[in-house]
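Colleague: got a sequence here, can you build the structure:
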Amino acid sequence: MDKAGSLHTSVPAPPPRLYLPRNFSCSACLYGSLAEQCKGGCSPDGDAAPPPVTRKPPALGDLEPVLFGPPPPLLEPLFPPQPGASPGFAERVRRHKVRLEWVRAEPAGLRGAVRVLNLAYEKAVSVRYTLNAWASCAEVPAAYQPAGPADGLTDRFAFLLPLGAAAAEAALEFAVRYRVAGAEYWDNNEGKNYRLHQQGQGSGSAEGSVIGHPASHPVCLILLKQSPAPARCWICA
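Modeller: Numbering: from 1, shown residues only. Reported below is the predicted structural model:
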């Protein structure tokens, strides 16, 4: 017998090579089920778990400064802040169609609620305010509150006046406007407007009068001490 042939027949053939993805280096994946994810983080498609990302902490000069100190002062109303809790409020709403219900000063601004008589489905409520005695003004809409009063006759609207830091150095005045069924109604605190000032300041004795406009106008108020000569109403100008 040929030794070479005998040796060739006695050596078993090598097993077939197993071709796996290059990223499969986990022994649990090699000998276990490829359909399950191993504890080492390897995925069945052969992608190894990504290495943890390390971030360099920011330098001291890159950090934003944190200011410590007392919060900015809030505005203090010069009227009862919860008119809705006073006796006869519901009757005043029925008689005047719109009335301020409550206000609350917050760091974000002045938050409040308004009650209006439900005269029609389509209605709009807004709040007009000023920080400079009506030299300029702004107006923000109030949002209807679905969970309204239980009387079935009135609706509630909520508003937020985004005053910012400017309100800490000025006095705020506002009035409520209600438009419904082609008519317009105002709540201006019986002609005095709703006024607020910074806490700690005196209430002052600033008296104003309407110049160039009927005294029954709902919003217009120009302070005489700030206008040495008669001036036209900012609404009529």
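
Colleague: poorly predicted segments of the chain, please.
Modeller: By pLDDT under 70, the weakly predicted segments of the chain are 1-51, 53, 58-73, 165-169, 199-237.

Colleague: so which residues of the chain form helices?
Modeller: 3-10, 27-31, 89-96 (DSSP state H).

Colleague: and the strands in the protein?
Modeller: Counting by DSSP state E, the chain has strands at residues 75-77, 98-106, 109-117, 123-130, 138-141, 143-144, 154-161, 172-180, 183-187, 194-198, 208-209, 222-223.

Colleague: packing partners of the first one?
Modeller: In this case it means strand 75-77. Applying 3 or more Cβ pairs under 8 Å, 6 or more residues apart in numbering; DSSP states H and E, we find strand 75-77 packed against strand 98-106, strand 194-198. From N, CA and C alone the C-beta is placed, and that goes for glycine too.

Colleague: let me have those strands in CSV, extended by distance to Tyr129 and mean neighbour count.
Modeller: What follows is the helices and strands packed on strand 75-77, written out as CSV (distance: least, Cβ to Cβ, whole Å; neighbours: other Cβ atoms under 10 Å):
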stretch, distance to Tyr129, mean neighbour count
strand 98-106, 11, 20
strand 194-198, 9, 20
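
Colleague: now render those strands as TSV, adding distance to Arg128.
Modeller: Listed next are the helices and strands packed on strand 75-77 as TSV, based on distance: least, Cβ to Cβ, whole Å:
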stretch	distance to Arg128
strand 98-106	13
strand 194-198	11
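
Colleague: against Arg179, how distant is Phe79?
Modeller: Phe79 sits 24 Å away from Arg179, taking Cβ to Cβ, to the nearest Å as the criterion.

Colleague: turn the strands of the chain into JSON lines, including distance to Lys56.
Modeller: Listed next are the strands of the chain as JSON lines, based on distance: least, Cβ to Cβ, whole Å:
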{"stretch": "strand 75-77", "distance to Lys56": "45"}
{"stretch": "strand 98-106", "distance to Lys56": "39"}
{"stretch": "strand 109-117", "distance to Lys56": "40"}
{"stretch": "strand 123-130", "distance to Lys56": "48"}
{"stretch": "strand 138-141", "distance to Lys56": "45"}
{"stretch": "strand 143-144", "distance to Lys56": "46"}
{"stretch": "strand 154-161", "distance to Lys56": "41"}
{"stretch": "strand 172-180", "distance to Lys56": "47"}
{"stretch": "strand 183-187", "distance to Lys56": "58"}
{"stretch": "strand 194-198", "distance to Lys56": "45"}
{"stretch": "strand 208-209", "distance to Lys56": "61"}
{"stretch": "strand 222-223", "distance to Lys56": "58"}
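
Colleague: from Val127, how far off is the nearest residue to Leu131 once chain neighbours are set aside?
Modeller: Nearest non-adjacent residue to Leu131, counting by Cβ to Cβ, 6 or more residues apart in numbering: Ala170, 4.3 Å away. Ala170 is 17 Å from Val127, where distance means Cβ to Cβ.

Colleague: the two: who's more crowded?
Modeller: Legend: neighbour count by other Cβ atoms under 10 Å for Ala170 and Val127, higher for Val127 (24 against 16).
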